[in-house]
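**Student:** Return a 3D structure for these sequence lines:
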Amino acid sequence: MITDAIYGSAVSPEVQRQDVAAQLQHTYQWTCAAFTVVPAVAQQVAPALTIAAQLYEARQYPAAKSQLAGVVATLRQTRQAFPALPEL
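**Tutor:** All right, here's what the predicted structure looks like:
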């Protein structure tokens, strides 16, 4: 089960919700800050970040966390290409 693989079997849905919510907020705020430096960054990750938010709203927390992991991986690669971007 994907939930067990990502969170472990002892993690409650409320903990999962809070974890994903915090990650969504952090990633969104970073993307907004990065937009002022390299506007194309927001355009690049906005669709995937939107999907993560939709999965969160649908209470699909493991899927949202997985989607966010892909967004963060993209942002890390982008940050290497543009060192002026803020720390993640």
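**Student:** Point out where the chain drops to low pLDDT.
**Tutor:** Residues of the chain meeting the criterion pLDDT under 70: 1-9.
**Student:** in it, which helix has the most residues?
**Tutor:** helix 13-35 (DSSP state H).
**Student:** Show me the contact partners of the very next helix or strand once past that one.
**Tutor:** Moving toward the C-terminus from helix 13-35, the next helix or strand (DSSP states H and E) is helix 39-57. Contact with helix 39-57 is made by 17, 20-21, 24, 27-28, 31-32, 34-35, 61, 63-64, 67-68, 70-71, 74-75, 78, 82, 85, as judged by C-beta atoms under 8 Å, 6 or more residues apart in numbering. C-beta coordinates here come from the backbone N, C-alpha and C atoms, glycine included.
**Student:** centre of the chain versus the longest helix of the chain, how much separation?
**Tutor:** With C-alpha atoms, centre = their mean, to the nearest Å as the basis, helix 13-35 stands 6 Å off its chain's centre.
**Student:** One more: stretch 63-72?
**Tutor:** 5 Å.
**Student:** For it, which residues meet the burial criterion?
**Tutor:** Judged by neighbour count using 16 or more other C-beta atoms under 10 Å, the buried positions of stretch 63-72 are Ala63, Ala64, Lys65, Gln67, Leu68, Val71, Val72.
**Student:** tell me which of these is nearest to Val11?
**Tutor:** The nearest member of the buried residues of stretch 63-72 to Val11, counting by C-beta to C-beta, is Lys65 at 10.9 Å.
**Student:** so the closest one makes contact with Gln18?
**Tutor:** No - with contact defined as C-beta atoms under 8 Å, Lys65 does not count as touching Gln18 (11.6 Å).
**Student:** burial count for the residue lying closest to Val71 once chain neighbours are set aside?
**Tutor:** In space, Val71 comes closest to Ala48 once its chain neighbours are excluded; the distance is 4.9 Å by C-beta to C-beta, 6 or more residues apart in numbering. Ala48: 16 surrounding residues under other C-beta atoms under 10 Å.
**Student:** Thanks again, I'm all set now.
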